[in-house]
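>>> Sequence and predicted structure, then a few things I'm wondering about:
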Amino acid sequence: MLKQRVLTAIAMILVLYAGTAWLSPVMFAGFLSLILLPALLEWGRLMGLVRDRERLAWVGCFITLLSLVIWFLLAPDTGAIEQTGLFLTSSLTLSVAGVSFISALAMGFWIGIFYFLRRYPRRQEYWQARWRIGLMGMACLLPTWVGFMYLKVLAPSGLLVLILVALVSVVDIGAYFTGKKWGNSKLAPALSPKKSWAGFWGGVASCVALTLCLLTWVHIEYQTLSPLTWILLLLAALLLAVFSVIGDLFESMLKRHRGLKDSGRSLPGHGGVLDRIDSLIAATPVYVLALVLLSTRLDVL
């Protein structure tokens, strides 16, 4: 099992790097959609969709809403970039205001999810309806697609996307090792018995440590960062780590509702795609908003 898990992880890293670093933003949009498609089908499973026509209707609704979001974000007039706050690169124009609005709504959604996690298993009647789980799926996956596209457009090299994935991954890695060593006090036993407070703090500390390394690199190689910029970006990393844990616990809550161990079986040794990106889904809006708000302080962007 461990060997299979490692081999699958290596394959995922290579595919992610190739698709992120080598593709143009337009091609990346298709690549990202292909990655999210199995996650979308797995969310249908969490909703309890068993018939093909139900799954097809679910996918159709998502595609329709995504198309409307893309239409909302694409600039109709590339000549009005400076006046309307648009970002243009590689023949793809996105509205920064639109991306910020969607990311802010997503952050509000995750704050609301934290309310239900704190009270689980109470208050289940407020979210258990199939249509509500479907709406929550839209609120999770749409801002993720938008956020990743913004990051790719902002840095066509894919560096910002890969940094986000690295920050979220290091939260999981730090939580695993510290939780295994000192994890006696459980974080949320009703949702995920294996998670501990030691693991939580270990994941947060790991994320902050990696952020310090990245900021040091930027400070030395690209531009001098002010003390305030250091503080704000470290606070953003702290918030990102917290939201990534919320995303993980949220998926655990939905799986417990359906009596599932994994969201799917598409990734040998890892379960489903949602099992791999649940933390990433919640962390993306935080990361995107931090970059939008602090972009004036970071000339490298």
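Yep, it's here.

>>> Could you check how far the closest residue in space to residue 146 that isn't next to it in sequence is from residue 147?
Excluding the flanking residues, the one nearest residue 146 by Cβ to Cβ, 6 or more residues apart in numbering is residue 102, at 5.2 Å. Using the backbone N, CA and C atoms, a C-beta is placed for each residue, glycine as well. From residue 102 across to residue 147, the span is 8 Å (Cβ to Cβ, to the nearest Å).

>>> Helix or strand with the lowest mean pLDDT in this protein?
Between all helices and strands in the chain, the lowest mean by mean pLDDT, DSSP states H and E belongs to helix 81-84, at a mean of 40.

>>> Which helix or which strand is home to the residue nearest to residue 146?
Residue 102 is located in helix 96-119, with elements delineated by DSSP states H and E.

>>> How many neighbouring residues does the nearest residue to residue 72 once chain neighbours are set aside have?
Closest residue in space to residue 72, ignoring its immediate chain neighbours: residue 98 at 5.7 Å, by Cβ to Cβ, 6+ apart. Residue 98 has 18 neighbouring residues, counting by other Cβ atoms under 10 Å.

>>> Residue 167 is in contact with residue 287, correct?
Yes: under the criterion of Cβ atoms under 8 Å, residue 287 makes contact with residue 167 at 7.4 Å.

>>> More neighbours: these two, which one.
residue 287 (27 against 24).

>>> contacting residues for the more buried one?
147, 151, 164, 167, 236, 240 (Cβ atoms under 8 Å, 6 or more residues apart in numbering).

>>> now do residue 16
With Cβ under 8 Å, 6+ apart, residue 16 has these contacts: 162, 165.

>>> secondary structure class for it?
For residue 16, the assignment made with DSSP: H, G, I helix; E, B strand; the rest coil gives helix.

>>> Could you tell me what pLDDT the model assigned to the residue nearest to residue 72?
Per-residue confidence at residue 98 stands at 92 (pLDDT).

>>> Please report how far it lies from residue 159.
23 Å.

>>> likewise residue 175?
25 Å.

>>> Just want to know which of the two has more residues nearby.
residue 175 (30 against 15).

>>> Could you confirm the more buried one falls within a strand?
No: under three-state DSSP, residue 175 sits outside any strand and is assigned helix.

>>> Show the contacting residues for it.
195, 199, 200, 202, 203, 206, 245 are the contacts of residue 175 under Cβ under 8 Å, 6+ apart.

>>> Counting neighbours, what do you get for residue 22?
Under the criterion other Cβ under 10 Å, the count of neighbours that residue 22 has is 12.

>>> picking up where we left off before, shared neighbours, residue 287 and residue 167?
What both residue 287 and residue 167 touch, as defined by Cβ under 8 Å, 6+ apart, is the set residue 240.

>>> Spatially nearest residue to residue 132, not counting backbone neighbours?
That would be residue 126: by Cβ to Cβ, 6+ apart, it lies 7.8 Å from residue 132.

>>> Correct me if wrong: that neighbour contacts residue 113.
No: assessed by Cβ under 8 Å, residue 126 is found out of contact with residue 113, at 11.3 Å.

>>> neighbour count winner among the two?
residue 113 (21 against 11).

>>> Pull up the gap between that one and residue 239, please.
Residue 113 is 15 Å from residue 239, by Cβ to Cβ.

>>> Equivalent analysis for residue 264, please.
From residue 264 to residue 239 the distance is 29 Å (Cβ to Cβ).

>>> how about residue 121, phi and psi?
phi -90, psi 10 (degrees, to the nearest 10).

>>> you'd agree it is up against residue 190?
Yes: assessed by Cβ under 8 Å, residue 121 is found in contact with residue 190 at 5.9 Å.

>>> Among those two, which residue is more densely surrounded?
residue 190 (15 against 11).

>>> Settle this for me: the more buried one is touching residue 120, isn't it.
Yes: with contact defined as Cβ under 8 Å, residue 190 reaches residue 120; the gap is 5.6 Å.

>>> circling back to that earlier point, how close does the residue nearest to residue 132 sit to residue 204?
With Cβ to Cβ as the criterion, residue 126 and residue 204 are 29 Å apart.

>>> What is the neighbour count of residue 174?
23.

>>> any idea how far it is from residue 271?
For residue 174, the distance to residue 271 - Cβ to Cβ - is 21 Å.

>>> just residue 212 next, same as before
Distance from residue 212 to residue 271, by Cβ to Cβ: 32 Å.

>>> More neighbours: the two, which one.
Taking other Cβ under 10 Å, residue 212 and residue 271 do not tie; residue 271 has more neighbours (18 against 14).

>>> Where do the strands of the stretch 1-150 of the chain begin and end?
In the stretch 1-150 of the chain, strands defined by DSSP state E, counting those that start in this stretch lie at 86-89, 92-95, listed in chain order.
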